[in-house]
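In: I'd like to go over a predicted model; first the sequence, then the structure.
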Amino acid sequence: MTEIIDGNAVASDIRAGLEDAIETLADAGARPGLATVLMGDDPASETYVSMKQRDCEEVGIEPHHVDVPATAPPIDLYETMDELNENPDVHGYLVQSPVPDHVDYREVIRRVDPRKDVDGFHPENVGRLVAGDARFRPCTPHGVQRLLEAADVETEGADVTIVGRSRIVGKPLANLLIQKADDGNATVTVCHSRTEDLAVKTRRADIVIAAAGVPELVDGSMIGDGAVVIDVGVNRVDADTERGYELVGDVEFESAKAHASAITPVPGGVGPMTRAMLLYNTVKAASQQADVPVELP
Ligand code: NAD
């Protein structure tokens, strides 16, 4: 029987585990606050931002939000960020990507106060992560690690193949999994768009993590018997549904499941974990800034 790893359940445990810490911080006058900044009116980004706001409200984190018009000069966004960097009620914030083309996203990442960088994208935080001293683990890679842990999947000594080398998923995840740590100690192969013989690399892995943004790229023929499959991908494909599309992962679920010992679904796998780990980072940021130690789940 293949185990279906339930991301909603694991995420819900983590959110529940944050509530005590949030109350401790609130009692000390430092209720955690998370701000989202949205530049432009991309409908998918609007949905993501409102989900993050709702997640905050549900666990007792104070949500803040700033809209910046799509056509505003970059300085308007930077000044908004400077204000958030100074605002003591905001312990963490993020600028929803993508930003409009006339804004340099690298500059946006550099402008965030690294202590409030709950996405974990600032170069200082990337450097700390690579050095084995992460301040904030980026949300999706951390969520993947927590899913593996919850499913009792040992990473130590495991051969892991990651499909995708992005700044937000593949690269940080590879760095986390090779750390000398209980949830690391893996041997990692990172594949990307120029990799040759992808199937050879995925088939030999004990754990396959797909984060390529290509619908159903990884099928059952690419999965070794008994491997664990984590599907990070979320892709909208045209479908005869009310919304006109459906969400599919980077893994062809049914054929991969036939070979896997455990697999995450899309939706309901990595997605809810990413959201939970953003709340986790916000609580961690508040604890650090208020200098109030709390126990994190
Ligand atoms: P990206 O486009 O930044 O990076 C994709 C990576 O995949 C690149 O490194 C590219 O080299 C590699 N790639 C592309 N085609 C490939 C191929 N045919 N073979 C091998 N490698 C290939 O994407 P991203 O931001 O890392 O996101 C990847 C996917 O994960 C997307 O579907 C995205 O929506 C999803 N995602 C989900 C969550 C979540 O919370 N569930 C979070 C972040 C991203």
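Out: Looks like it arrived, so ask away. Numbering: from 1, shown residues only.
In: which bits of the stretch 1-150 of the chain sit near the ligand?
Out: residue 140 (Cβ under 6 Å from any ligand atom). The way it works is simple: take the backbone N, C-alpha and C, and place the C-beta from them, glycine included.
In: so the residue in the stretch 1-150 of the chain that the ligand sits nearest to is in which element?
Out: Among residues of the stretch 1-150 of the chain, the one nearest the ligand by Cβ to the nearest ligand atom turns out to be residue 140. It sits 4.1 Å away. Secondary-structure element containing residue 140, defined by DSSP states H and E: helix 139-150.
In: same check on residue 55?
Out: Assigned by DSSP H and E, residue 55 falls within helix 43-59.
In: picking up where we left off before, list the strands paired with the next helix or strand after the helix holding residue 140, with their directions.
Out: Remark: after helix 139-150, the chain's next helix or strand is strand 159-163, criterion DSSP H and E. Within its sheet, and counting by DSSP bridges, strand 159-163 is paired with strand 187-191 (parallel), strand 207-210 (parallel).
In: out of the ones you listed, which is the most enclosed?
Out: Each of the strands paired with strand 159-163 was given a mean neighbour count from mean count of other Cβ atoms under 10 Å, and the largest, a mean of 29, is that of strand 207-210.
In: how far does it sit from its chain's centre?
Out: Here the centre of strand 207-210 is set off from its chain's centre by 15 Å, with Cα atoms, centre = their mean, to the nearest Å.
In: for the record, mean pLDDT for it?
Out: Averaged across strand 207-210, the pLDDT comes to 99.
In: which neighbours does the helix or strand just after that strand have in its sheet, and in what orientation?
Out: Tracing the chain C-terminally past strand 207-210 and defining elements by DSSP H and E, one meets strand 228-231 next. The pairing partners recorded for strand 228-231 under DSSP bridges are strand 207-210 (parallel), strand 262-263 (parallel).
In: so which bits of stretch 113-123 are buried?
Out: By neighbour count, with 16 or more other Cβ atoms under 10 Å as the criterion, the buried positions of stretch 113-123 are 113-122.
In: among these, which one lies nearest to residue 84?
Out: Distances from residue 84 to the buried residues of stretch 113-123, taken as Cβ to Cβ, are shortest for residue 116 (7.1 Å).
In: contacting residues around that closest one?
Out: Applying Cβ atoms under 8 Å, 6 or more residues apart in numbering to residue 116 gives the contacts 84-85, 90-93, 285, 289.
In: can you rerun that using 10 Å?
Out: Applying Cβ atoms under 10 Å, 6 or more residues apart in numbering, one finds that residue 116 lies in contact with 33-35, 81, 84-85, 87, 90-94, 122, 136, 281-282, 285-286, 288-289.
In: skip the chain neighbours and tell me the closest residue to residue 297.
Out: On the basis of Cβ to Cβ, 6 or more residues apart in numbering, the spatially nearest residue to residue 297 that is not a chain neighbour turns out to be residue 17, at 2.6 Å.
In: which parts of the helix holding residue 140 are buried?
Out: Going through helix 139-150 with 16+ other Cβ under 10 Å, the ones that come out buried are 139-148, 150.
In: swap in stretch 174-191?
Out: Applying a neighbour-count criterion of 16+ other Cβ under 10 Å, one finds 174-179, 183-184, 186, 188-191 buried in stretch 174-191.
In: pick the one among these closest to residue 128.
Out: Residue 128 lies nearest to residue 175 out of the buried residues of stretch 174-191, by Cβ to Cβ, at 10.6 Å.
In: gap between the closest one and residue 206?
Out: With distances taken as Cβ to Cβ, to the nearest Å, residue 175 is found 19 Å from residue 206.
In: go on, residue 245?
Out: Noted for residue 245: a distance of 33 Å to residue 206, by Cβ to Cβ.
In: look at residue 266 and give its secondary structure.
Out: coil (DSSP: H, G, I helix; E, B strand; the rest coil).
In: ok, and the closest non-adjacent residue to it?
Out: In this structure, residue 266 finds its nearest non-sequential neighbour in residue 249, 3.4 Å apart by Cβ to Cβ, 6+ apart.
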